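# Take this sequence and fold it.
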Amino acid sequence: MRGKVARDDRMRALVEAIAEHGAVHGYPPTVRDLQKRTRASSTSVVAYRLAACERAGLVMRVPERARAITLTAEGRAFAASHTEERPTAAQARQVAAA
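Here you go, the predicted structure:
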């Protein structure tokens with residue numbers, strides 16, 4: 001069970017990074033952008049995680065093309081579901097102060 005939770009967290013971090021990059025810049029991120037954003041140890045780790053997200057139906061990619069990563073409807077919902085549950089920084093500070 002622990003492995004599945006950690007995997008879901010890593011997948012969510014990657015999907016959120018793709019969604020955030022697209023919202024800010026207007027185009028998909030590169031694998032290196034995702035490596036920096038998720039603090040992965042290498043681009044091959046990002047590629048492995050992207051493949052897992054693709055198998056799970058969260059992203060679609062065009063092989064051999066730069067920035068050809070798009071979120072599916074399921075991927076957008078997956079990213080949004082976690083951001084709705086996450087407290088804001090102000091809420092986190094209030095909880096910590098209490």
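# Near residue 77, how many other residues are there?
12 (other Cβ atoms under 10 Å). All C-beta spots, glycine's among them, are computed from the backbone N, C-alpha and C.
# wait, residue 41
Applying other Cβ under 10 Å, I find that residue 41 has 8 neighbouring residues.
# what's residue 42 in contact with, if anything?
residue 35 (Cβ atoms under 8 Å, 6 or more residues apart in numbering).
# Let me see the contact set for residue 30.
66, 67.
# Swap in 6 Å and give it another go.
Residues near residue 30 by Cβ atoms under 6 Å, 6 or more residues apart in numbering: residue 67.
# Break down this structure into its helices, ranges please.
2-25, 31-38, 43-55, 73-85, 89-97 (DSSP state H).
# Can you list the buried residues in the third one?
The one in question is helix 43-55. 46, 49, 50, 53 (16 or more other Cβ atoms under 10 Å).
# which of the helices of the chain has the lowest average pLDDT?
Here these differ in mean pLDDT, and the lowest is helix 89-97 at a mean of 55.
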